[in-house]
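S.K.: Here's my sequence, what's the structure:
(2 chains)
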There are 2 protein chains.
Amino acid sequence: MAKIVLISGSMNPNSTSKSILKRIGKVLDKQGHDTDVICVLETNFPLYHPLKPMTDEMQKVSKTIQSADAFVIGSPEYHGGYSGALKNLLDYQDGSGFMQKPVALVSSSGGMKAGINTLNSLRLIFRSLHAHVIPQQLAVCEKELNEKGELDEGVQKQLLTLVKGLLQEISLRYQSK
Amino acid sequence: MAKIVLISGSMNPNSTSKSILKRIGKVLDKQGHDTDVICVLETNFPLYHPLKPMTDEMQKVSKTIQSADAFVIGSPEYHGGYSGALKNLLDYQDGSGFMQKPVALVSSSGGMKAGINTLNSLRLIFRSLHAHVIPQQLAVCEKELNEKGELDEGVQKQLLTLVKGLLQEISLRYQSK
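M.R.: Residues are numbered from 1 along each chain as shown, chains lettered A, B, ... in the order given. Take a look at the predicted model:
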C-alpha cells in the first residue's frame, strides 16, 4: 500500500481537473492505497513571499507532501500554462517533499490541443524538484466530456493507463521497502 | 514615444529581477518613453478564482495593461518556472491587453543555468496571449552580479541589446501609427 497525495490546482468549485483527480483517487482507493487530497481552493494560501515565515497551516501541507510516496498533480490550463494558484502552493515547498518520488500529471482545458503546454511546463517544475514524472499523462478537453460532465470512454481508458503507470513506478521505486 | 509597462513577478522587496526591470525602465525613460510598473508585491492579488468578479483594483491593473504599447516581464525562477504570483496576476487577464503587442522577457535565479526554463515557459504563456515575444531575452544569475548587487559588464550589454530589440519591434509594429 502506498500513500498517494493528489494536488488540485483549481480554484473553481466545479473544476474538471479536480473531478478527474477525484476519479483517480477512487481507483487508487479501490486498489487499497491511501490517498489524500490537497486543493488550492481549500488551502487558499496568500502569494508566496520568500522572506515571510510559513504558518502552521502551510507547514501542515508541507508535512502531508513529505509523507507521500507518490503524487498526482492536476491543473486547469490558463493562457498556455498551469494555474498561478498551483505554482504558488509549490513555491512554498523546499523540494525535499517531492525528491525521488513518482509523479503523474493531469490537465484540463477548453481547447482540443490545449493542456499539453501545461503538462510540459509542469514536467519541468517537477524535474527541478527532483521528482520522477512518469511518461503517461492525461490532458482532457471539454469535447471529451459528455453532457453530464463525465469522461468519454477513450479518456477513461487513458486514466486507467495513467494509474497503472504510476503504480508500476511506485512498485519499482519502493520494491526494497 | 511608446507606453511600456514593466511587470515584476517577485514578492521579494530586495528582488533582483525587479532591480533589473527598474534599470530597463530608466534606459527607456531616458530615451523618452513613458514607463509604468506593475509589481505583484504591491498588487498582492488573492488567488485567481474564475467565478469571482474582479475588484476595482484588479480592473485598474487590467486597464494599465490594455493601455500599454509593449511590455517587459520579469520573474524570479522558483523550481524551474516563473513565480506563482506572476502567473496569478496573468490569470486575471483576458488576453486582449497583450494581443499583438511586443513583449521582452527577463528572469533571475541562483543557478548558472537556471532562468532558461522560466523564460521558455513565459514564452509559451505570451504566445498563448497572442503577444509578440522578441527573440532577445535576459536570464541573470547571482554570479553575474558584483558585491554591490550590480550587473556585470556582459549583462549590462545584454540588457541594452534587449532594450534595442524591444524598441525595434515597437517601431516596426507601430510605424503606421
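
S.K.: contacts, neighbours, all on C-alpha from now
M.R.: Noted.

S.K.: and A:Val5, backbone torsions?
M.R.: phi -100, psi 130 (degrees, to the nearest 10).

S.K.: Let me see the contact set for it.
M.R.: Residues near A:Val5 by Cα atoms under 8 Å, 6 or more residues apart in numbering or on different chains: A:Thr35, A:Asp36, A:Val37, A:Ile38, A:Thr64, A:Ile65, A:Ala68, A:Asp69, A:Ala70, A:Phe71, A:Val72.

S.K.: Ok, A:Ser107 next?
M.R.: With contact taken as Cα under 8 Å, 6+ apart, A:Ser107 is in contact with A:Ser17, A:Gly74, A:Ser75, A:Pro76, A:Glu77, A:Gly115, A:Ile116, A:Thr118, A:Leu119, A:Leu138, A:Ala139, A:Val140.

S.K.: Pick out the one among the contacts of A:Val5 with the largest number of neighbours.
M.R.: Ranked by neighbour count (other Cα atoms under 10 Å in any protein chain shown), the contacts of A:Val5 have A:Ala70 at the top, with 29 neighbours.

S.K.: how close does the closest residue to A:Thr35 other than its chain neighbours get to A:Pro102?
M.R.: Distances taken as Cα to Cα, 6 or more residues apart in numbering or on different chains put A:Ile4 closest to A:Thr35, at 4.9 Å, once the chain neighbours are dropped. Between A:Ile4 and A:Pro102 the computed distance is 10 Å (Cα to Cα, to the nearest Å).

S.K.: shared neighbours of those two, anything?
M.R.: Here A:Ile4 and A:Pro102 share the contacting residues A:Asp69, A:Ala70, A:Phe71, scored by Cα under 8 Å, 6+ apart.

S.K.: can you put the residues you listed in JSON lines and add pLDDT and secondary structure?
M.R.: Converted to JSON lines, the shared contacts of A:Ile4 and A:Pro102 look like this (pLDDT from 0 to 100; DSSP: H, G, I helix; E, B strand; the rest coil):
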{"residue": "A:Asp69", "pLDDT": "98", "secondary structure": "coil"}
{"residue": "A:Ala70", "pLDDT": "98", "secondary structure": "strand"}
{"residue": "A:Phe71", "pLDDT": "98", "secondary structure": "strand"}
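
S.K.: about what we covered before: now, the contacts of A:Val5 that are in helices?
M.R.: Among the contacts of A:Val5, the members falling in helices (DSSP state H) are A:Thr64, A:Ile65.

S.K.: Keep only those of the shared contacts of A:Ile4 and A:Pro102 that are also close to chain B.
M.R.: Among the shared contacts of A:Ile4 and A:Pro102, proximity to chain B is found for none (Cα under 8 Å from any Cα of the partner chain).

S.K.: Which neighbouring elements make contact with the lengthiest strand in chain A?
M.R.: Across chain A, the longest stretch assigned as strand under DSSP state E is strand A:132-141. Contact analysis of strand A:132-141 by 3 or more Cα pairs under 8 Å, 6 or more residues apart in numbering or on different chains; DSSP states H and E lists strand A:102-109, helix A:116-128, helix A:153-173 as its packing neighbours.
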